[in-house]
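Q: Sharing a sequence plus its predicted fold:
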Amino acid sequence: MAKLWLDFMRNYVRLGLFFYYKKIITVGKENIPKKGAIIFLCNHQNALIDPLIIGTTDGRSTHFLTKAGVFKNNLIIRLFHSVQMIPIYRLRDGRETLIKNEVVFNKCINLLNEQKALVIFPEGSHSLLRKVRPLKSGFSKILFDTFEKHPKLEIKIIPVGLNYNSITEYPSSVSIHYGKPIDANKYWDKNNIDTSKDNIKEVVSKQISLLTTHIEDSSNYDNIHNQLIASDANFLDPIATNKQIKSIDPSKETVLKPTKTPKNILYYIVVLNSIIPWLLLKKISKGIKEREFISSLRYGIGISVFPIFYVIQAIVLSFIFDAKIGLYYFAFSILSGLILTKFSKNAIDKS
């Protein structure tokens, strides 16, 4: 039953992402071993969307380390556990909660020993910045503690780069790049754990930086980012974009003109047809403090409240007219939303 539920949720999430994103590009999937212990290590920009993209493209039954703050009530806790999300506690969650991480780490060790796949976002938090931030030591602790208990276990690290046209706006496109496997065993020296941790962090950080747009120059970040946008850089192609960054004059100031993604007539039809869930989305969005969660909220309401609203309206129309009218209306509602996503211009994140 658990597997059926997991398969259903994965397919439903995949369908929702197909409706939500204009385009989803997967590169390097052949680099992922079909069996064996794996740790996916990925940059983190788009809150809860990031693990969903990985979980629906990697071909493995993955488990995800997710910040404990999103496990807010019993319903959410049960839902997240059912789709193999594991809470990880940080200092901001309260110093007293950190002791719970020992249980979490042991769970991760057991999963790896069972030849399972684990997803970790080693930066430790999300950020809208198009750069790979310094990696935390959590993943290396899990890795080397696993070797300590199971020294003969082989573990592969798959570096992952997620790239979005826009993280906060709709519609957008995303590419996910899976890098070549890193043999984690080669970096473990039980007699010098600190050096081992530094070495594995350096290697992983470098590999992730190749798979996503990486603006390393923090002091001139805005200048470089604005020049990339002004030149219509393809943020879905990190290799080309990172090459372009090297040719940019970081001291050159570029002011972007405020622009909005143009709305077509179909947009207003979809909004009018979905006015109640659309107003709900607008209201809740105003309370979002971390902009990285905007897309997660929009997606979550999009795969839950919107279709339920369409079903209710279809039922009402079926009673007023007949079942055929209700069915036609429901089909129109779904198809109009899909067409809006696929044929609207990509939004570009200018933040």
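A: Great, that's in hand.

Q: Poorly predicted segments of the stretch 251-351 of the chain, please.
A: 261, 350-351 (pLDDT under 70).

Q: one more time with 90, if that's ok
A: Within the stretch 251-351 of the chain, the stretches with pLDDT under 90 are 253-264, 287-291, 345-351.

Q: Tell me where it has helices.
A: 265-273, 275-285, 294-302, 305-320, 323-343 (DSSP state H, counting those that start in this stretch).

Q: Just name the most buried of these.
A: A comparison of these by mean neighbour count, using mean count of other C-beta atoms under 10 Å, puts helix 294-302 on top with a mean of 19. Just so you know, the C-beta spots here come from the backbone N, C-alpha and C atoms, and that holds for glycine as well.

Q: Show residues contacting that helix.
A: Defining contact as C-beta atoms under 8 Å, 6 or more residues apart in numbering, one finds that helix 294-302 is touched by 16-17, 19-20, 46-49, 52, 167-168, 170, 172, 277, 280-281, 284-285, 288.

Q: repeat that for 7 Å
A: Contacts made with helix 294-302 from outside it, assessed by C-beta atoms under 7 Å, 6 or more residues apart in numbering, are listed as 16, 20, 46-49, 167-168, 170, 277, 280-281, 284-285, 288.

Q: which stretches of this protein form strands?
A: 23-27, 37-42, 62-67, 85-88, 117-120, 155-164, 173-178, 182-183 (DSSP state E).

Q: what's near enough to touch the one residue sitting closest to the centre of the chain?
A: By C-alpha atoms, centre = their mean, the chain has its centre lying nearest to residue 50, at 0.7 Å. Residues near residue 50 by C-beta under 7 Å, 6+ apart: 42, 44, 121, 162.

Q: State the pair within those that is farthest apart.
A: Distance extremes for those: the farthest pair is 121 and 162 at 9.7 Å, using C-beta to C-beta.

Q: residues shared between the contacts of these two?
A: In contact with both residue 121 and residue 162: 42, 50, using C-beta under 7 Å, 6+ apart.

Q: who has more neighbours, the two?
A: Of the pair residue 121 and residue 162, residue 121 is the one with more neighbours under other C-beta atoms under 10 Å, namely 27 against 23.

Q: That one contacts residue 40, correct?
A: No. Shown here, residue 121 and residue 40 do not form a contact pair, counting by C-beta atoms under 7 Å, at 9.3 Å.

Q: follow-up on the earlier one: can you tell which of the helices of the stretch 251-351 of the chain is closest to residue 89?
A: Nearest of the helices of the stretch 251-351 of the chain (C-beta to C-beta): helix 294-302, 20.0 Å.

Q: between the closest one and helix 323-343, how many degrees?
A: 170 degrees (axes from the mean of the first three to the mean of the last three C-alpha atoms, to 10 degrees).

Q: Could you break the protein into its assigned domains?
A: According to automatic domain parsing, the chain is divided into the following domains: 2-218, 265-343.

Q: Let me have those domains in TSV, extended by distance to residue 238.
A: Listed next are the domains of the chain as TSV, based on distance: least, C-beta to C-beta, whole Å:
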stretch	distance to residue 238
domain 2-218	5
domain 265-343	19
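
Q: Just name the most buried of those domains.
A: The highest mean neighbour count among the domains of the chain, using mean count of other C-beta under 10 Å, belongs to domain 2-218: a mean of 18.

Q: How far does that domain stretch from one end to the other?
A: 45 Å (C-alpha to C-alpha, to the nearest Å).

Q: what distance separates that domain from the middle of the whole chain?
A: 9 Å (C-alpha atoms, centre = their mean, to the nearest Å).

Q: try stretch 268-281
A: The answer for stretch 268-281 is 25 Å, by C-alpha atoms, centre = their mean.

Q: ditto for stretch 208-220
A: Worked out by C-alpha atoms, centre = their mean, stretch 208-220 lies 18 Å from the chain centre.

Q: what's the answer for stretch 243-256, then?
A: That offset, for stretch 243-256, works out to 27 Å (C-alpha atoms, centre = their mean).

Q: quick revisit: out of the domains of the chain, which comes closest to residue 253?
A: The nearest among the domains of the chain, by C-beta to C-beta, is domain 2-218 at 13.9 Å.

Q: Give me the average confidence score over the closest one.
A: Averaged across domain 2-218, the pLDDT comes to 92.

Q: I'd say residue 262 and residue 345 touch.
A: Yes. Under the criterion of C-beta under 7 Å, residue 262 lies in contact with residue 345, with a separation of 6.4 Å.

Q: circling back to that earlier point, got JSON lines for the contacts of residue 50, with distance to residue 242 too?
A: Compiled in JSON lines, the contacts of residue 50 are given as follows (distance: C-beta to C-beta, whole Å):
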{"residue": "42", "distance to residue 242": "17"}
{"residue": "44", "distance to residue 242": "18"}
{"residue": "121", "distance to residue 242": "20"}
{"residue": "162", "distance to residue 242": "15"}
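
Q: Tell me the one among the residues you listed nearest to residue 81.
A: residue 121 (18.5 Å).

Q: just wondering, since we're on that closest one, how far is it from residue 225?
A: 22 Å (C-beta to C-beta, to the nearest Å).

Q: Adding distance to residue 272, write the strands of the chain out as JSON lines.
A: Output for these, formatted as JSON lines (distance: least, C-beta to C-beta, whole Å):
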{"stretch": "strand 23-27", "distance to residue 272": "26"}
{"stretch": "strand 37-42", "distance to residue 272": "38"}
{"stretch": "strand 62-67", "distance to residue 272": "36"}
{"stretch": "strand 85-88", "distance to residue 272": "36"}
{"stretch": "strand 117-120", "distance to residue 272": "39"}
{"stretch": "strand 155-164", "distance to residue 272": "28"}
{"stretch": "strand 173-178", "distance to residue 272": "26"}
{"stretch": "strand 182-183", "distance to residue 272": "51"}
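
Q: Much appreciated, bye for now.
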